[in-house]
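**Q** just the structure for this:
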Amino acid sequence: MKRALPLFLLILSLALSPTAARAQQVIPVEDLGVTYEFGSQVTFNARIQSELEVKEVMLFVTPVGEQAIMRSVPLDSAREVHYTFRAADLGLRPFTQNRFHFLVVLQSGEILPSTSFTFRYEDNRFQWQMLLHPDFEVYWYGRSAAFGQEILDVARQGLKSAAAILAADPPAPIRIYAYDSSADLQSALHLNQPWIVGHAAPDLGQMYLYIPTGPEQRLEIERQVPHEIMHFLQYRVAAENLRRQPVWLMEGMASLAELYPNPEYQRHLRAAADRRELLSMVSLCHAFPRETFGAYLAYAQSASFVRFLYQSYGSDGLKKLMEQYNNGLGCEEGLTAALGSSLSQFEYRWKQEILGLDAGNLVLRNLSPYLLILLLVMLPTTLVFFPYTRNRLPKHDEPLP
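**A** Residues are numbered from 1 along each chain as shown. Okay, the predicted model is just below:
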């Protein structure tokens, strides 16, 4: 926060200065270079080619899709800059093109910008193999070419499956990076959630996966790849409104697209229902639990709930629902506007029709808040009436009127 005001004044003075207004004079920079150790550090090197007296050099790094990160960097006697960031401080995403530039503050007070430069942040820890197709590019390491072909084949099928649910044109090509271990994937994406084995970055046209080896390798590909492809289609429909979409809807639709649905979801869901430990759907509007059990249950519930909506209203209903959220309606209001019933009403029907939970218990649970209110309203009347009635009862030796 201490640097926020100087940064603002610096940018403002640059914007208002005659030099900036002319946009002609830039500070020459040579011997430029960016080196990095993936996931650890990134070093920027440059030499300022000017004899002007320099007061300060500012380095601006702009990760793709993010705000610029600024640092005041020292200039040595050879007029060279060498500055190292921790990779975590930059938050760079793998396989992205990122920008950086310098601002040089002169002793005279003038501020001269450099031209803008780019560098690509590759995950260079591995020797990647690749397989190219007009719709997909598949990258992997540590396994045979058959593995890459398997991913490509499933991706083509998965695109058809997802498009049948949500009609949209995905970006082409979608780049798929398949990691050989969960730890590699987690470190590449700066995660600490082992249950995450796939991630879509539709704004980059990229997805990242971990596919375990073994007899179920193909089934995992058939589950994960179509799941992530659906997120690309959702991005095409929602674009900048993607964050307005309920998480249960986004993940439920993605699960719906899977060629091989997770067989454990139903068992997990059934067990939670029997124990009366289901999560409320409204709690899944904005985020899923971070701990493994809760996250897994959230995915299972969302998959079942959205499948219930899809079976009732089809792909048109789901797209209409997304459009209502695009228009800014809240998680509960969007369902009412699009499909005619509230989230709680749909949740009640889902529990009864899909999970087969006892209707009487559901009714009692849903009505219990209203019964309590009714009791509180009636209680004063009862207390007033009861003493009056008691006082009017005849004594045992008093004749009845």
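**Q** strands of the protein, residue ranges please.
**A** Using DSSP state E, the strands of the chain run over 29-37, 41-48, 54-62, 69-73, 80-86, 96-106, 111-113, 117-121, 129-132, 136-140, 174-179, 198-201, 206-210.
**Q** Serialize those strands to TSV and add fields for distance to Ala298 and mean pLDDT.
**A** C-beta coordinates here come from the backbone N, C-alpha and C atoms, glycine included. Compiled in TSV, the strands of the chain are given as follows (distance: least, C-beta to C-beta, whole Å; pLDDT from 0 to 100):
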stretch	distance to Ala298	mean pLDDT
strand 29-37	36	93
strand 41-48	35	96
strand 54-62	34	95
strand 69-73	33	96
strand 80-86	32	96
strand 96-106	29	95
strand 111-113	47	94
strand 117-121	31	96
strand 129-132	34	98
strand 136-140	29	98
strand 174-179	24	98
strand 198-201	16	96
strand 206-210	20	97
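**Q** of all these, which one is nearest Leu318?
**A** strand 198-201 (17.9 Å; C-beta to C-beta).
**Q** give me the number of residues near Thr35?
**A** Using other C-beta atoms under 10 Å, Thr35 has 11 other residues around it.
**Q** any idea how far it lies from Ser72?
**A** 21 Å (C-beta to C-beta, to the nearest Å).
**Q** out of the strands of the chain, which is closest to Glu240?
**A** strand 198-201 (15.1 Å).
**Q** pull out the CA atoms of the closest one and give them to me as PDB.
**A** Written as PDB, here are the backbone C-alpha positions of strand 198-201 (Å, rounded to 0.1, in the frame of the first residue of the first chain):
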ATOM      1  CA  GLY A 198      -7.800 -31.100 -14.300                       C
ATOM      2  CA  HIS A 199      -8.100 -27.400 -15.000                       C
ATOM      3  CA  ALA A 200      -9.400 -25.400 -17.900                       C
ATOM      4  CA  ALA A 201      -8.100 -21.900 -18.800                       C
END
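**Q** buried residues in stretch 223-234, which are they?
**A** By neighbour count on 16 or more other C-beta atoms under 10 Å, the buried set for stretch 223-234 is 223-234.
**Q** oops, could you answer that again for stretch 343-355 instead?
**A** By neighbour count with 16+ other C-beta under 10 Å, stretch 343-355 contains the buried residues 343, 346-348, 350-351, 355.
**Q** pull the CA atoms of it into PDB?
**A** Below are the C-alpha coordinates for stretch 343-355, written out as PDB (Å, rounded to 0.1, in the frame of the first residue of the first chain):
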ATOM      1  CA  LEU A 343     -33.700 -23.200  -6.300                       C
ATOM      2  CA  SER A 344     -35.200 -24.500  -3.100                       C
ATOM      3  CA  GLN A 345     -38.200 -25.900  -5.000                       C
ATOM      4  CA  PHE A 346     -36.000 -27.600  -7.500                       C
ATOM      5  CA  GLU A 347     -33.800 -29.000  -4.700                       C
ATOM      6  CA  TYR A 348     -36.800 -30.400  -3.000                       C
ATOM      7  CA  ARG A 349     -38.000 -32.100  -6.200                       C
ATOM      8  CA  TRP A 350     -34.500 -33.400  -6.900                       C
ATOM      9  CA  LYS A 351     -34.100 -35.000  -3.500                       C
ATOM     10  CA  GLN A 352     -37.500 -36.600  -3.700                       C
ATOM     11  CA  GLU A 353     -37.500 -37.800  -7.400                       C
ATOM     12  CA  ILE A 354     -33.800 -38.600  -7.800                       C
ATOM     13  CA  LEU A 355     -32.600 -39.500  -4.400                       C
END
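**Q** show residues contacting it.
**A** Stretch 343-355 is contacted from outside by 269-270, 273, 278, 280-282, 304-305, 308-309, 331-332, 335-336, 339, 341, 357, 359, 362, 366, using C-beta atoms under 8 Å, 6 or more residues apart in numbering.
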